[in-house]
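Enquirer: With the input below, show me the fold.
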Amino acid sequence: MNARIETVVLDMAGTTVVDDGLVEEAFARAWDRERGEAMGLDGVDREGALQWVRDTMGQSKIEVFRRLLPEDDAQALNRAFEAAYDELVGEGRSIAIEGAEAAIRALRAQGRKVVLTTGFARPTADAIVASLGWIGLPDLVLTPADAGRGRPLPDLNLMALIRTQASSVHAIAVVGDTATDIGSGLAAGAGLVVGVLTGATPREAFETAGAHQVLGSVAELPELLERLGR
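Expert: This next block holds a predicted model:
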């Protein structure tokens, strides 16, 4: 069903915001600060944990940490991660993907709602948006806490649909730089699920994951929707 796209759901890190290894760097800072008997991390290998963070990019960070550590330790590591990421943002390390802001403005000019989604907690998401000067640019910014569950589950996309009052799942497009984003969009039944090559995921992985389209970057999205008549 080729319904008109009314709501566009865009991932943040790697899709609209340059990641440039910030997630891994923030995790490494957090791990090194919290490592020790109090956290009970001595039995977990640092490099193995970093690889797990890479493999689960795009997912809710607290859920990622819960699969590494007991609940109390996961919560402590999550707080340390958020603090470390906020430091990196404060150091000016958070910058927009080239053309992302123009793409968001173009999508809204086409009469569509734009929702940014992330696996970060609310304070980190807000700090990123503020650092880019994007307050008020998207219609909404959603975190896993707003939706109930994070990616790869469909909740963020379905909450975006509800909050923007889109007419059906066929009227939403989900765009991201990881296979997790693609799985989340497909699980929500989104009418269009798009992978972008501005993260670490190759085209072949997007195709295997079931992406409907693969673009070089989010900057190409407004033209794609017009070309598809969506």
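
Enquirer: shaky segments in the protein?
Expert: 1, 36-43 (pLDDT under 70).

Enquirer: all helices for it, in order.
Expert: For the chain, the helices defined by DSSP state H occupy 22-34, 46-55, 61-66, 71-90, 100-109, 122-132, 144-147, 155-164, 179-187, 203-209, 221-228.

Enquirer: Quick one: the ones you listed as CSV, columns for mean neighbour count and distance to Thr7 too.
Expert: Placement of C-beta: from N, CA and C, glycine included. As requested, these are exported to CSV (neighbours: other Cβ atoms under 10 Å; distance: least, Cβ to Cβ, whole Å):
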stretch, mean neighbour count, distance to Thr7
helix 22-34, 19, 26
helix 46-55, 14, 29
helix 61-66, 22, 24
helix 71-90, 18, 27
helix 100-109, 18, 10
helix 122-132, 19, 18
helix 144-147, 19, 14
helix 155-164, 22, 5
helix 179-187, 25, 12
helix 203-209, 15, 21
helix 221-228, 16, 12
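
Enquirer: To His170, which of the ones you listed lies closest?
Expert: Proximity to His170 (Cβ to Cβ) singles out helix 155-164 among those, at 10.1 Å.

Enquirer: Not counting that closest one itself, show me its contacts.
Expert: With contacts defined as Cβ atoms under 8 Å, 6 or more residues apart in numbering, helix 155-164 is touched by 6-7, 9, 113, 115, 117, 139-140, 142, 144, 146-150, 166, 168-169, 171-172, 174, 184-185, 187-188, 190.

Enquirer: how does the chain divide up, domain by domain?
Expert: Domain assignment for the chain by automatic domain parsing gives 7-18+95-228, 22-90.

Enquirer: show me the contacts for the closest residue to Leu77 other than its chain neighbours.
Expert: Setting aside the residues directly before and after it, Leu77 is nearest to Phe65 in space (Cβ to Cβ, 6 or more residues apart in numbering), at 5.0 Å. Going by Cβ under 8 Å, 6+ apart, Phe65 touches 74-75, 77-78, 81.

Enquirer: Who are the contact partners of the closest residue to Leu140 other than its chain neighbours?
Expert: Closest residue to Leu140 apart from its sequence neighbours, by Cβ to Cβ, 6+ apart: Val115 at 4.5 Å. Val115 makes contacts with 7-10, 138-142, 160, 163-164, as judged by Cβ under 8 Å, 6+ apart.

Enquirer: quick one: contacts for the residue lying closest to Arg122 once chain neighbours are set aside?
Expert: Excluding its sequence neighbours, the residue lying closest to Arg122 (Cβ to Cβ, 6+ apart) is Thr143, at 5.0 Å. Applying Cβ under 8 Å, 6+ apart to Thr143 gives the contacts 117-122, 125, 150.

Enquirer: let's see it at 10 Å
Expert: 12, 60-61, 116-126, 150, 156, 159 (Cβ atoms under 10 Å, 6 or more residues apart in numbering).

Enquirer: can you pull the buried residues of stretch 133-145?
Expert: Across stretch 133-145, burial judged by 16 or more other Cβ atoms under 10 Å covers 134, 137-144.

Enquirer: From Leu153, how far off is Val174?
Expert: From Val174 across to Leu153, the span is 13 Å (Cβ to Cβ, to the nearest Å).
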